[in-house]
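[1] when you get a sec, could you give me coordinates for this:
(one chain, ligands or ions: 2)
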Amino acid sequence: MSREVTVDLGERSYPICIGPGLLKDLGVKCADRSAGSVCLIVSDSNVDPLYGDACEASLSEAGVTAKRVVIPAGESSKSESEIFKLYDEALEVPLDRKSFIVALGGGVVGDIAGYAAASYLRGITLVQVPTSLLAMVDSAVGGKTGINLPQGKNLIGAFHQPALVLVDSDTLATLPRREFVAGMAEVVKYGIIWDAELFALLEANMGKLIEERGGLLDQVIARCCEIKAEVVRQDEREGGLRAILNFGHTLGHALEQVSGYGKFLHGEAIAVGMVFAAELSVRHHGLDAGDAARIRRLLQSCDLPVSVSDYSWEELRSAMTLDKKTVGKALRFVLAGAIGKVDTGCEISDGVLKEVWNVCCQ
Ligand code: NAD
Ligand code: GLY
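    Ligands and ions are numbered 1, 2, ... in the order given. Below you'll find the model as predicted:
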């Protein structure tokens, strides 16, 4: 059974199709969206050998001429050198304004291929085919694309909505467990920021979701996509509401930075960040202490870290100053009043931040 969620952005609306075995329908669905007859399939060195042939075959059956480009797997490929290689490949085909780019892979592929589509010839059509759980529930939806600079992550980028997001949930069978669980941190986040029922469903079924990765998982992915679609519909360019998607990310990003990117997967770092944000919420936003404990337990049940001991508060605090939500010197947090309900822009004093850090996260 497949499901469809619409990201409602007027003329730029697009479907997110979710279900097992959908990769074989990619060509037909691209034709339905009038994506074009020539494309570049961008994938990485782990995903292309697994799903590149199926992707190309489906497009070819629908009359699309496709050229495959493979970038090295890993965050370091979101780079200046790799994006220029993609432009070279696009020019060699050549892709014109009626051509399109397919991003087949996790968030790294989605972000760089998305940025290539956003910038090549001032923007061509993009189709996202996410294959990691994180990409399915978060990065492939909503139009954020970009690359890193040596000075920091995602410093170059553009909003460029895809014409189609195709989630073949069968591809999750090959995703390494650690990557899968890290994606689950973002799933838990949707429960905290928007949907108490989803949170309870995760509490009741987490073991099954991680071990079986079948049926119920599709329903969960679809629910996360519905939530993200609604947030993006209301606030496409992060003028306000969209910042709720950053629950747990202020500390999470700082942890990724001080640990040198690579020690923690993104989802692992934000798991620690979400526990911190939950404890701040107990002290400053009326969150019930029992609900903060539920958040910690649910993350622990996925084997996600909920505390760290190797970093000083001072280095983390200094890394947090670089957070995009910081206005002047004050740190702003997304805090929860209850599971399923959060607010943005909550300013917390340094003294309180340090106190909560010392109590809950070390
Ligand atoms: P990733 O793309 O590096 O994928 C994780 C690993 O899993 C890689 O080694 C990849 O090759 C492998 N992989 C992916 N799918 C697989 C599959 N089905 N089978 C086997 N291996 C598979 O990382 P990610 O966690 O998917 O994404 C992280 C990136 O996403 C970061 O660069 C982050 O900045 C970005 N991101 C972007 C947004 C956005 O809104 N654009 C949101 C969140 C994160
Ligand atoms: N991942 C955060 C956003 O899309 O806004």
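[2] what parts of the stretch 51-200 of the chain come near ligand 1?
    By Cβ under 6 Å from any ligand atom, the part of the stretch 51-200 of the chain that sits against ligand 1 consists of 73-75, 78, 105-109, 111, 131-132, 134-135, 138-139, 142, 144, 153-154, 171, 174-175, 179. Yep, even glycine has a C-beta here, placed from its N, CA and C like the rest.
[3] at 5 Å instead, please
    Neighbours of ligand 1 within the stretch 51-200 of the chain, by Cβ under 5 Å from any ligand atom: 73, 106-108, 131-132, 134-135, 138-139, 144, 171, 174-175, 179.
[4] strands - which of those land there?
    Cross-referencing those against strands under DSSP state E gives Lys144.
[5] which pair in the residues of the stretch 51-200 of the chain next to ligand 1 spans the largest distance?
    For these, the farthest-apart pair by Cβ to Cβ is Lys144 and Thr174; their separation is 25.5 Å.
[6] between these two, who's got more neighbours?
    Neighbours were counted for Lys144 and for Thr174 using other Cβ atoms under 10 Å; Lys144 has more, 26 against 11.
[7] show me what contacts that one?
    Asp111, Gly114, Asn154, Gly157, Phe159 (Cβ atoms under 8 Å, 6 or more residues apart in numbering).
[8] any idea what it is bridged to?
    Lys144 has these beta-bridge partners by DSSP bridges: Phe159.
[9] same check on Cys17?
    Beta-bridge partners for Cys17, by DSSP bridges, are Glu4, Leu166.
[10] ok, it - contacts?
    Contact analysis of Cys17 by Cβ under 8 Å, 6+ apart lists Ser2, Arg3, Glu4, Asp25, Lys29, Leu164, Val165, Leu166, Val167.
[11] what residues sit buried inside stretch 96-105?
    Within stretch 96-105, the residues scored as buried using 16 or more other Cβ atoms under 10 Å are Ser99, Phe100, Ile101, Val102, Ala103, Leu104, Gly105.
[12] please flag which of the residues you listed sit within strands.
    Under the assignment DSSP E, the buried residues of stretch 96-105 contribute Phe100, Ile101, Val102, Ala103, Leu104, Gly105 to strands.
[13] so how far is Asp170 from the second one?
    Remark: distance between Ile101 and Asp170 (Cβ to Cβ, to the nearest Å) = 23 Å.
[14] which residues does stretch 169-176 contact?
    The contact list for stretch 169-176 (Cβ under 8 Å, 6+ apart) reads 18-23, 50-51, 131-133, 136, 180, 183, 213, 217-218, 221.
[15] if you set the cut-off to 6 Å instead, what comes out?
    Residues from elsewhere that reach stretch 169-176 (Cβ atoms under 6 Å, 6 or more residues apart in numbering): Pro20, Gly21, Leu50, Thr131, Ser132, Arg213, Asp218.
[16] got it, and stretch 107-115?
    Identification of contacts with stretch 107-115 by Cβ under 6 Å, 6+ apart yields 42-44, 75, 77-78, 101, 103, 126, 128, 134-135, 139-140, 145-147, 160.
[17] that concludes my questions; thank you for your assistance.
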